[in-house]
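Visitor: Provide a 3D model corresponding to the input given below.
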Amino acid sequence: MSNKLLYLNERVRQNERFKIDNPQRINSKVEFFNDVTGERIWEPLHNKTVIAGAAFTMMKLFNFSRSVLENTPTYDNSELGLGLDEGADGTTYPTIAIKDGDGSVIGSMQDETQRVILGFCVGMGGSGLDASDVFDVPYASWITPDNLVPFRYPLIASDTVDENIYKGKKQIILTNGNTVNAYYFKEFSNTPEMVQNYVSTIGTFTDRVSANNVYSPYASADKAQTYVELHLKITSEDCREFFLAHSGLESAKINQISLVYGWKKTVPVSKADAQGNIRTINYEYFQDVRPFSVINIPSEILSDRSKSLSIIYTLYA
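Guide: Alright, predicted model coming up:
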């Protein structure tokens, strides 16, 4: 195997390097774009699969019991994590109904097919003051709960946040006595889809792999690829409310992104709509939330309230 080292763009991090044959990294490409200008912010970066993500991968590959995940805490956890509202209590798990021959439900059983990569979170513990001072991601790490930056942070009385998009809710009492709902996770902006293609005669990955061509001479293994593309969106509303409530908008920034996995539980929620009418709606809450991967980046400043970011996060296998 080659031990060749590749170097990231100097603007991103002069001393950052990564090995092609790193067993603690699923191949990835993470691209950042400024929605207002359309500018690519940095050259493509690469994530790191952390220890909780590795356990999840092994569980899926070999059908291990969910007990293999218990070496790492969840964000639901009230002692080591965030203590999320309606979070998993450590004894619940995704289930599927068991039916008799007549179709009547007679019980339930665990259904770990529901445990998947659900969305992402962001934080501010990934770099120092200098743009090039990005910290390495330790394998046994996560974005610590005290470094997480909630996407939304509205006062409970005026909370109209769309809980189809924003997840990981926790009530927090501020020093001024007001109570807010913090939303720490967010759904992807697209539906993940696996793509398999190969280099066409014009040299781009445009031709889809099929049973008829996958093993043909012109679709050789070294020219094919398999990937899933995830779209992450940080809007002009996201993250600002948190800094406004604490340290001020001028300090608003993020420098960590983590994909998270878990499963979903349906929870009835009563809240006001945009017209102020109270409605009860069933939302899906993330459960047993753990990090799959973490990427540290130079601090992205969010003090400009018109700024929004699009992130294309591609995972290769």
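Visitor: strands of the stretch 51-200 of the chain, start to end?
Guide: For the stretch 51-200 of the chain, the strands defined by DSSP state E, counting those that start in this stretch occupy 95-99, 105-110, 116-123, 166-173, 179-187, 194-199.
Visitor: report the angle between the fifth one and strand 116-123.
Guide: Right, the one you point to is strand 179-187. Strand 179-187 and strand 116-123 are oriented at 130 degrees to each other (axes from the mean of the first three to the mean of the last three C-alpha atoms, to 10 degrees).
Visitor: could you do the fourth one as well?
Guide: Calculated by the same axes, to 10 degrees, strand 166-173 forms an angle of 50 degrees with strand 116-123.
Visitor: pull out the buried residues from strand 166-173.
Guide: 166-170 (16 or more other C-beta atoms under 10 Å). To be clear about C-beta, it is placed using only N, CA and C from the backbone, and glycine gets the same treatment.
Visitor: partner strands of that strand, with direction?
Guide: Paired neighbours of strand 166-173 in the sheet (DSSP bridges): strand 179-187 (antiparallel).
Visitor: same check, this time on the last one
Guide: If you go by DSSP bridges, strand 194-199 pairs up with strand 205-208 (antiparallel), strand 224-234 (antiparallel).
Visitor: from the chain's centre, how far out does that strand sit?
Guide: Its chain's C-alpha centre and that of strand 194-199 lie 23 Å apart, by C-alpha atoms, centre = their mean, to the nearest Å.
Visitor: ok so, going back, is it possible to get JSON lines of the buried residues of strand 166-173 that adds distance to V199?
Guide: As requested, the buried residues of strand 166-173 are exported to JSON lines (distance: C-beta to C-beta, whole Å):
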{"residue": "Y166", "distance to V199": "40"}
{"residue": "K167", "distance to V199": "38"}
{"residue": "G168", "distance to V199": "40"}
{"residue": "K169", "distance to V199": "45"}
{"residue": "K170", "distance to V199": "47"}
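Visitor: looking at the strands of the stretch 51-200 of the chain, which is closest to V36?
Guide: strand 116-123 (18.8 Å; C-beta to C-beta).
Visitor: just the C-alphas of that closest one, formatted as CSV.
Guide: Below are the C-alpha coordinates for strand 116-123, written out as CSV (Å, rounded to 0.1, in the frame of the first residue of the first chain):
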residue,chain,number,x,y,z
VAL,A,116,-29.3,5.4,10.2
ILE,A,117,-27.4,8.6,9.6
LEU,A,118,-30.1,11.2,10.2
GLY,A,119,-28.6,14.6,10.0
PHE,A,120,-25.8,16.9,11.3
CYS,A,121,-24.7,19.2,14.0
VAL,A,122,-22.2,22.1,14.2
GLY,A,123,-19.8,23.3,16.9
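Visitor: distance between the ends of stretch 136-155?
Guide: This stretch, stretch 136-155, spans 36 Å end to end (C-alpha to C-alpha, to the nearest Å).
Visitor: cool, stretch 111-118 as well?
Guide: First-to-last residue span, stretch 111-118, C-alpha to C-alpha: 16 Å.
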